[in-house]
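Novice: Just a sequence and a predicted model for now, questions to come.
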Amino acid sequence: MNYRILIADDNQRVLDNFNEKLTSHLDIEPVFTNEATDVIKLVQEDPFEYAVILIDYHFENQSLNGAQVAEEILKINPKLIVLVCTGDMGREAPISCLKAGVSDFIQKDEPINQVIEKIRLNCKKFDELARVVTNKSNKNKQFIENSSLINKIGMIGWSDSMADIAKQILSLSENGGDSSTVLIRGESGTGKELLAKAIHHSSSRKHKPFVALNCAAIPEGLLESELFGHEKGAFTGADRKKLGKFQAATGGTIFLDEIGEMQKDLQAKLLRVLQEKTIEPVGSNKAIPVDVRVVAATHAELEEKIESGLFRQDLFYRLNQIPIFVPALRDRPQDVHPLVTHFIEKHPMGKKKRLMFKTLQYLIAYDWDGNVRELENTINRLLVMTPGEEIRPENLDAKVFNATKKSARTYSQFKDFLKKEMEEKEREFLVSNIRRFPSIRAAAEALAIPNTSLQRKLNEWGYTFEGERVGGL
């Protein structure tokens, strides 16, 4: 990597000396100036151009000193690495420089080769800072892009997995898939119905009805009537004609939740509806055309139900034209933060409470077996039941608080175990290698370890020294 550095000094001889010495450092590109104000101008032109900026403290007959220049350029970019060179090591210069945010001092009488070495060390710091900032920036940028994409379908999240689902839905609409059946799979509470609504509202059918039906919530004998309607007198209690959900959803979308709980005889009738685009109300032999898009959902393993003879394979294939899998919330913890913010904002008590950052960390770390539904219920309970304005970790349910604490302890124990394992491996490596050499000094030199460090480690491990030899080796 090439490092561009800025050196400012009112003494041209100093700048010439730097220029001469830096010609052999091909990876360093110096920029020189005699003027304090030029430093500010150059940084204003490009705040991220320079790896290190070295400024003299005293500029003869100029309005600014090094500390004042440092203060101004650090306002432009607080992450700049600024070194100040001064021969005045009294109280004024160091205090004013520290207040300005200077990274380090260099004395005027310090050999120039040592100064260049300090510059190099700070260039490495610049490398590390650039890597961290870039990674964080890329991560934040990705979150923003994901959030924007997910918001387009009316959902909340930051995770890659939810962004991928959003891409699927938008692509489906753009490519004329508004009549394709969709099967949404995922655990209970992951938001499958919300996703079905997102599919509907992202399609050309969005101005027509969205009708939802939970197949597990309707008694077996009534589900067919709920779906397809019935004629007057079709069965006991049918005192008038009733339109079913399919007719109610004409032109729009019908969402069949918990499709895996539907009985097999009704599965056959649903398959016929999907194939022929017609329904027959209970008590009628007349086929009625319907234009309805079907979106189904299940938390069940339909493949297992097929093997057990509880679910028709041909219906599965018909429903599974467009498969969408919604991961559990524990597998996309990036979504917890925006979901929590959303639930707080929409609650009447949201403006009166403040969620502490530590509490948010606990919420992110928890596994949420009940997924988004459990998270929303938890936030609502916290907003209503927490006394005072601040929601602290101790206000969390015991299961959330204790489970997160346990995870933290488990990780801490793992780190301790890993540290001990590494120390043991290090001891085995060093002791086995020391035996090959005539002395500690020779071993240290061959292993590229400072002699004092090697002796200290051996002392800690309980070995004794016999001159240049180690007792017991």
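Specialist: Looks like it came in fine.
Novice: Tell me where the stretch 151-300 of the chain has strands.
Specialist: 182-185, 210-214, 253-257, 278-279, 288-289, 293-298 (DSSP state E, counting those that start in this stretch).
Novice: any chance of those in TSV, plus mean pLDDT?
Specialist: Formatted as TSV, the strands of the stretch 151-300 of the chain follow (pLDDT from 0 to 100):
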stretch	mean pLDDT
strand 182-185	96
strand 210-214	96
strand 253-257	97
strand 278-279	94
strand 288-289	94
strand 293-298	97
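Novice: so which of those comes closest to residue 341?
Specialist: strand 182-185 (24.7 Å; C-beta to C-beta). Where you see a C-beta, it was placed from the backbone N, CA and C, and this is true even at glycine.
Novice: Need the strands of the stretch 151-300 of the chain in a markdown table (columns: distance to residue 159).
Specialist: Listed next are the strands of the stretch 151-300 of the chain as a markdown table, based on distance: least, C-beta to C-beta, whole Å:
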| stretch | distance to residue 159 |
| --- | --- |
| strand 182-185 | 17 |
| strand 210-214 | 25 |
| strand 253-257 | 23 |
| strand 278-279 | 39 |
| strand 288-289 | 41 |
| strand 293-298 | 20 |
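Novice: Please render those strands as JSON lines that adds mean neighbour count and distance to residue 342 to the earlier fields.
Specialist: Formatted as JSON lines, the strands of the stretch 151-300 of the chain follow (neighbours: other C-beta atoms under 10 Å; distance: least, C-beta to C-beta, whole Å):
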{"stretch": "strand 182-185", "mean neighbour count": "23", "distance to residue 342": "21"}
{"stretch": "strand 210-214", "mean neighbour count": "18", "distance to residue 342": "21"}
{"stretch": "strand 253-257", "mean neighbour count": "24", "distance to residue 342": "22"}
{"stretch": "strand 278-279", "mean neighbour count": "18", "distance to residue 342": "38"}
{"stretch": "strand 288-289", "mean neighbour count": "12", "distance to residue 342": "41"}
{"stretch": "strand 293-298", "mean neighbour count": "25", "distance to residue 342": "22"}
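Novice: closest to residue 403 out of the ones you listed?
Specialist: Nearest of the strands of the stretch 151-300 of the chain (C-beta to C-beta): strand 182-185, 26.4 Å.
Novice: what about this structure, any weak spots by pLDDT?
Specialist: For the chain, the stretches with pLDDT under 70 are 1, 88-91, 128-140, 404-422, 424-425, 464-473.
Novice: Please name whichever of the strands of the stretch 151-300 of the chain is nearest to residue 440.
Specialist: It's strand 182-185; of these, that one is closest to residue 440 (C-beta to C-beta) at 64.1 Å.
Novice: Skipping adjacent residues, who's closest to residue 58 in space?
Specialist: residue 65 (6.4 Å; C-beta to C-beta, 6 or more residues apart in numbering).
Novice: ok, the one you found to residue 56 distance?
Specialist: 9 Å (C-beta to C-beta, to the nearest Å).
Novice: list the helices and strands whatever helix or strand residue 337 lives in packs on?
Specialist: Using DSSP states H and E, residue 337 sits in helix 336-346. Using 3 or more C-beta pairs under 8 Å, 6 or more residues apart in numbering; DSSP states H and E, the elements in contact with helix 336-346 are helix 357-365, helix 371-385.
Novice: which other residues reach stretch 213-226?
Specialist: With C-beta atoms under 8 Å, 6 or more residues apart in numbering as the test, stretch 213-226 has contacts from 227, 234-235, 238, 242, 244-245, 254-259, 261-263, 266, 269, 281-282.
Novice: from the chain's centre, how far out does it sit?
Specialist: 41 Å (C-alpha atoms, centre = their mean, to the nearest Å).
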